Every structure is written in structure tokens, then in C-alpha cells.
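Q: here is my input, please return the structure:
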Amino acid sequence: MFSRLKKLILGISLLAMSVAAAHGQEVNSTQIKGLDEQVQDIKSDVLSIAAELSQLEEKLLYPSNTQVAVFVSLAGEGAIRPDSVQIQIDGKPVAHHLYTFKELEALLKGGVQRIYTGNIRSGEHDFEVLVLGQTAGGADFKKSEQFTVHKDVGPGIVEISLDAAGIIMKDR
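A: Model prediction:
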């Protein structure tokens, strides 16, 4: 990462020197092409550094030994159409999502949505899930369920599966 940063600084300084040297001279097309190539190299270096920083940020914010990810899916074919999902962990609200038409269509086609990523300690945790929506017949639907999830050391995955009969939680 630091070698890319050195290359970036070197490229910027070379660019600045070449612009200063060419300031009083006539610029030909090969010099312009050379500058364009340098600018493109610098852009690609900046993008790769940004990607590395993003990965480092995720590792720092969500260390793998305390990380938990919560996913939402629909069980059955169009039994319910959720309008919103709220999740609380240990009595603390951690996620609230209102579904758009496109998101709802994706869920109905079998998609899975990551609704929350965060950190929790190892051990037992109380999850509360509240779903508001409509049944296939158009009636309003409101269901709240409480679950206990055991978080081991390492990343945890929790799947919330919504159905007209209720809410099913799978701890993986």
C-alpha cells in the first residue's frame, strides 16, 4: 500500500514538473498523450488504494470474531408482502428497513437481503423481529417474534425467513 502511495506522489510530482517545464513551450500531441497516460495511471492507483482502505476499514469496524450479519428472505411463494422489518438485539434497535417495489420483487423471486452487519460479543443474545406488511389476500399483517441466538467466536450469520404463518430464525 505504501509503495502505491509513493508511486502516486511520484506521479503527481512528475506531472507537476512536466506541466511547469512545458508552460513556456509549445505542447505537441505526444506530450499530451504522455500526460494522459500518467493521469490514467494515477487514477488507477488511487482507485486501488481506495479499495484497500475500504477493506481495511471493514476489518477494523467489523472484526471477524465479533461480527454478525442478519439476512431477510421470504419463505413460500408470495404468502406475504412485507412493507417494513425492524430488528432489535438485546433490546437495542439495530435495523429498520422500508421496502421499495424493486426490493420486494427481488425478495418474492427468492432474493436474500442483508439487513444488518454489526458486532456482538460471544454468548446468548435476544433478537426481536417486527414485520409489517400485507397477506396475499390484501389484509394487513403485523407479526412480532422473539428469539435467542447463541453467538460463537467467529463471524455469525442469522437468517430471518418471513412467512404468513410467522417468522422463522435460522442461526448459522
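Q: in a helix, that's where residue 132 is, yeah?
A: No - counting by DSSP: H, G, I helix; E, B strand; the rest coil, residue 132 is located in no helix; its state is strand.
Q: mind listing residues that contact the strand or helix carrying residue 149?
A: Assigned by DSSP states H and E, residue 149 belongs to strand 140-151. Here strand 140-151 makes contact (Cβ atoms under 8 Å, 6 or more residues apart in numbering) with 68, 80, 82, 120-135, 156, 158, 164, 166-167, 169, 171. (Glycine included, C-beta is placed from N, CA and C.)
Q: can I get it as PDB, trimmed to CA atoms?
A: C-alpha atoms of strand 140-151 as PDB (Å, rounded to 0.1, in the frame of the first residue of the first chain):
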ATOM      1  CA  ASP A 140     -52.800  -6.100   6.900                       C
ATOM      2  CA  PHE A 141     -50.100  -8.200   8.500                       C
ATOM      3  CA  LYS A 142     -48.200  -7.500  11.800                       C
ATOM      4  CA  LYS A 143     -46.100 -10.100  13.400                       C
ATOM      5  CA  SER A 144     -43.500  -9.800  16.200                       C
ATOM      6  CA  GLU A 145     -41.300 -12.700  17.300                       C
ATOM      7  CA  GLN A 146     -38.500 -13.000  19.900                       C
ATOM      8  CA  PHE A 147     -35.600 -15.400  19.500                       C
ATOM      9  CA  THR A 148     -32.500 -16.300  21.500                       C
ATOM     10  CA  VAL A 149     -29.400 -16.600  19.300                       C
ATOM     11  CA  HIS A 150     -26.100 -18.100  20.500                       C
ATOM     12  CA  LYS A 151     -23.100 -16.300  19.000                       C
END
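Q: which neighbours in the sheet does that strand have, and how are they oriented?
A: Taking DSSP bridges as the criterion, strand 140-151 sits next to strand 123-135 (antiparallel) in its sheet.
Q: which parts of the strand it pairs with are buried?
A: For strand 123-135, a neighbour-count test (16 or more other Cβ atoms under 10 Å) marks 125, 127-133 as buried.
Q: what sits up against it?
A: By Cβ under 8 Å, 6+ apart, strand 123-135 touches 79-91, 140-151, 158, 160, 162, 164, 167, 169.
Q: from the residues you listed, list just the buried residues.
A: Among those, those scoring as buried are 80-83, 85-89, 141, 143, 147, 149, 151, 158, 160, 162, 164, 167, 169 (criterion: 16+ other Cβ under 10 Å).
Q: what about the residues you listed, which are in strands?
A: When the buried ones among the contacts of strand 123-135 are checked against strands (DSSP state E), the matches are 80-83, 85-89, 141, 143, 147, 149, 151, 158, 160, 162, 167, 169.
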